[in-house]
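Trainee: what would the 3D arrangement of this be:
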Amino acid sequence: RTQSIVTHYDLRVSRTGAPPVTLPDVPAEDFGKVTWVDRAELSGLPVLTASGQTARGEIVTAIKSATPYPIVPAYGRLGWHHRGGRWIYVHGGGAWGAGGAVPDVRVHGDGLAVYTMAPPPATADDGRRAFDALWGLFDMGPDRAAAVEIGAAYRASMGRPVGSITYLALNQSGK
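Mentor: Here you go, the predicted model:
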């Protein structure tokens with residue numbers, strides 16, 4: 001099972017008489033230490049007095065206990081995760097489940113967006129073209145390698161796989 005870890009907070013700070021200020025991606029460590037109150041984005045707000053550990057701790061407690069906003073999980077690791085009693089596959093742009101795209105799944109992490117999976121084919125013709133492209137792998141190398149790759153892709157879509165594929169060969173052998 002996936003263990004939830006808070007990695008960052010997206011904060012919206014507002015004070016009477018001043019427009020709200022958004023502070024995206026405040027690291028969890030900075031949130032707990034309340035170092036974000038010194039950020040340049042807040043310099044236009046009326047003075048926020050939070051000197052000393054006790055005052056800063058009270059700010060964190062007040063925000064966590066009084067906020068009407070839920071904590072929204074954001075995944076920092078791709079792959080299979082257990083959420084709401086079902087397995088989902090998290091990719092760089094969200095997640096897929098047995099019923100298709102899973103709404104409201106956030107992915108947070110440097111470089112993860114490049115691992116976004118395309119949506120399923122919209123029409124039967126698109127599905128046939130995708131299937132033909134997949135089987136085109138057999139034309140790119142030995143059938144035994146293509147069969148393993150295609151089998152692994154289909155196995156991954158059926159649930160949490162219990163293994164992985166590793167190619168072993170000499171350097172510069174085209175693996």
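
Trainee: when you work out contacts or count neighbours from here on, use the C-alpha atoms and nothing else.
Mentor: Will do.

Trainee: what sits up against the helix or strand bottoming out on mean pLDDT in the chain?
Mentor: Within the chain, judged by mean pLDDT, DSSP states H and E, the helix or strand with the poorest mean is helix 52-66; its value is a mean of 72. Applying CA atoms under 8 Å, 6 or more residues apart in numbering, the contact partners of helix 52-66 are 31-34, 50.

Trainee: the residue positioned nearest the centre of the chain: what's it in contact with?
Mentor: For the chain, the residue nearest the mean C-alpha position is residue 107 (1.7 Å; CA atoms, centre = their mean). Neighbouring residues of residue 107 by CA under 8 Å, 6+ apart: 74-77, 90-94, 113.

Trainee: which ones among those lie within strands?
Mentor: Using DSSP state E to define strands, the subset of those located there is 74-75, 90-91, 94.

Trainee: now, which of those sits nearest residue 163?
Mentor: Distances from residue 163 to these, taken as CA to CA, are shortest for residue 90 (17.6 Å).

Trainee: and the gap between that closest one and residue 122?
Mentor: As judged by CA to CA, to the nearest Å, residue 90 and residue 122 stand 21 Å apart.

Trainee: okay, these two: which has more neighbours?
Mentor: residue 90 (25 against 8; other CA atoms under 10 Å).

Trainee: now do the strands in the protein.
Mentor: 8-15, 18-27, 74-75, 79-83, 86-91, 94-97, 100-101, 106-107.

Trainee: turn the ones you listed into JSON lines, including mean pLDDT and distance to residue 129.
Mentor: Formatted as JSON lines, the entries for the strands of the chain read as follows, by pLDDT from 0 to 100; distance: least, CA to CA, whole Å:
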{"stretch": "strand 8-15", "mean pLDDT": "78", "distance to residue 129": "41"}
{"stretch": "strand 18-27", "mean pLDDT": "81", "distance to residue 129": "40"}
{"stretch": "strand 74-75", "mean pLDDT": "82", "distance to residue 129": "32"}
{"stretch": "strand 79-83", "mean pLDDT": "84", "distance to residue 129": "26"}
{"stretch": "strand 86-91", "mean pLDDT": "88", "distance to residue 129": "23"}
{"stretch": "strand 94-97", "mean pLDDT": "88", "distance to residue 129": "21"}
{"stretch": "strand 100-101", "mean pLDDT": "85", "distance to residue 129": "19"}
{"stretch": "strand 106-107", "mean pLDDT": "86", "distance to residue 129": "29"}
